[in-house]
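J.: Pasted the sequence and its predicted model underneath.
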Amino acid sequence: VRERVQKKLAKVARQVSPLAELEIELREESNPSIKDAQIAEATLHLKGVTLRAREASPDMVHSINMVAEDLARQVKKHRDKRRARRDRAPAAQEPRTA
């Protein structure tokens, strides 16, 4: 299971700073009436922001895959948002001349 998690989240790890901290929690609900009992949660601590993803399904492998996809999507959105701000910032700071 550890190898599968590392393999799936390697894509996310390449997109963030080496200083980022990733926490993974895998658990199983003990209540038999809960159909999606295999739960995977991921928390990614970046500089100034924390991204979280939680997925549940009947199969742990599927939960891990869904969490990895969700976290990758959030990282991409966050990265694009930061780049857009950075690209837009210098134009706003240029002094106007008459």
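T.: Right, received. Where do you want to start? Residues are numbered from 1 along each chain as shown.
J.: Now do the contacts for the residue nearest the centre of the chain.
T.: Computing the C-alpha centroid of the chain and ranking residues by Cα atoms, centre = their mean puts residue 71 first, at 2.5 Å. Contacts for residue 71 (Cβ atoms under 8 Å, 6 or more residues apart in numbering) come out as 9, 12, 42, 44, 51, 53. In this view, the C-beta of every residue, glycine as well, is placed from N, C-alpha and C.
J.: Can you tell me the SS state at the residue lying closest to it once chain neighbours are set aside?
T.: Spatial nearest neighbour of residue 71, excluding adjacent residues (Cβ to Cβ, 6 or more residues apart in numbering): residue 53 at 4.7 Å. Here residue 53 is recorded as strand under DSSP: H, G, I helix; E, B strand; the rest coil.
J.: who's residue 53 bridged to?
T.: Counting by DSSP bridges, residue 53 forms beta bridges with residue 42.
J.: I'd assumed residue 74 was in contact with it.
T.: Yes: if you go by Cβ atoms under 8 Å, residue 53 and residue 74 touch, sitting 6.8 Å apart.
J.: related to what we said a few turns ago, quick check: the farthest pair among the contacts of residue 71?
T.: Using Cβ to Cβ, the pair of those lying farthest apart is 9 and 51, separated by 12.1 Å.
J.: As a check, name the ranges of all helices in this structure.
T.: Assigned by DSSP state H, the chain shows helices spanning 2-15, 60-93.
J.: Compute the number of surrounding residues for the residue nearest to residue 71.
T.: Neighbours of residue 53 under the rule other Cβ atoms under 10 Å: 20.
J.: And it, how far from residue 86?
T.: Distance, residue 53 to residue 86, using Cβ to Cβ, to the nearest Å: 25 Å.
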